[in-house]
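*Asks:* the following comprises the amino acid sequence and a computationally predicted model.
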Amino acid sequence: MKIRTLILAVAQIAILHSAYAAGATLNFVDLADGATVTSPFKVKFDVKGMEVKPAGDMTVGTGHHHLLINAEALKEGESVPFDETHLHFGKGQTETELKLAPGKYKLTLQFANGAHQSYGPQASKSINITVK
Ligand SMILES: [Cu+2]
């Protein structure tokens, strides 16, 4: 009986670790794929499976949000560039206000660790929107 309990405990730890390895689920809040918005507009970020921490914090299972404008999700381990199409939310912010000229845009949420290294496309979410 005791060995069985131990095996169950080890199996549960293994499941917890694989959950970390599987990474995070990213989502935009209140902004659907295909939505039409008027600039400026609010963009809210949600992450499940990982915790938001400010940049610099390298705690396992944590990171911060990035919003990519017309840019592709980054490979795991790749550094998120610092430019006008890769916005960092290194204070741990979970929302922002975007000002964009009228047109069609692809918005991508990308979760990355405290050193701005991407958790990969599996920790990203892309939607297409139209700004009126
Ligand atoms: Cu960053």
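*Replies:* Nice, thanks for sending it over.

*Asks:* list the beta-bridge partners for the most centrally placed residue in the chain.
*Replies:* Against the mean C-alpha coordinate of the chain, by C-alpha atoms, centre = their mean, the closest residue is residue 111 at 2.9 Å. Note on residue 111: beta-bridge partners by DSSP bridges are residue 65.

*Asks:* also residue 128?
*Replies:* Residues in beta-bridge contact with residue 128 (DSSP bridges): residue 106.

*Asks:* make sure it is actually in contact with residue 106.
*Replies:* Yes - Residue 128 lies in contact with residue 106 (C-beta atoms under 8 Å); the separation is 5.4 Å. For glycine as for every other residue, the C-beta is placed from the backbone atoms N, C-alpha and C.

*Asks:* spit out the residues that contact those two alike.
*Replies:* Residues touching both residue 128 and residue 106 by C-beta atoms under 8 Å, 6 or more residues apart in numbering: none at all.

*Asks:* all helices of the protein, in order?
*Replies:* For the chain, helices defined by DSSP state H occupy the ranges 2-22.

*Asks:* now check stretch 58-67, is it near the ion?
*Replies:* No - using C-beta under 5 Å from the ion, we find that stretch 58-67 stays clear of the ion, coming within 5.5 Å at best.

*Asks:* so for that stretch, mean pLDDT?
*Replies:* In this model, stretch 58-67 has a mean pLDDT of 97.

*Asks:* just the terminal-to-terminal distance for that stretch.
*Replies:* 20 Å (C-alpha to C-alpha, to the nearest Å).

*Asks:* contacts for that stretch?
*Replies:* With contacts defined as C-beta under 8 Å, 6+ apart, stretch 58-67 is touched by 20, 24, 43, 45, 47, 50-55, 80, 86-94, 96, 98, 107-116, 119, 123.

*Asks:* please list which of those also come close to the ion.
*Replies:* Applying C-beta under 5 Å from the ion to the contacts of stretch 58-67, those adjacent to the ion are 88, 116.
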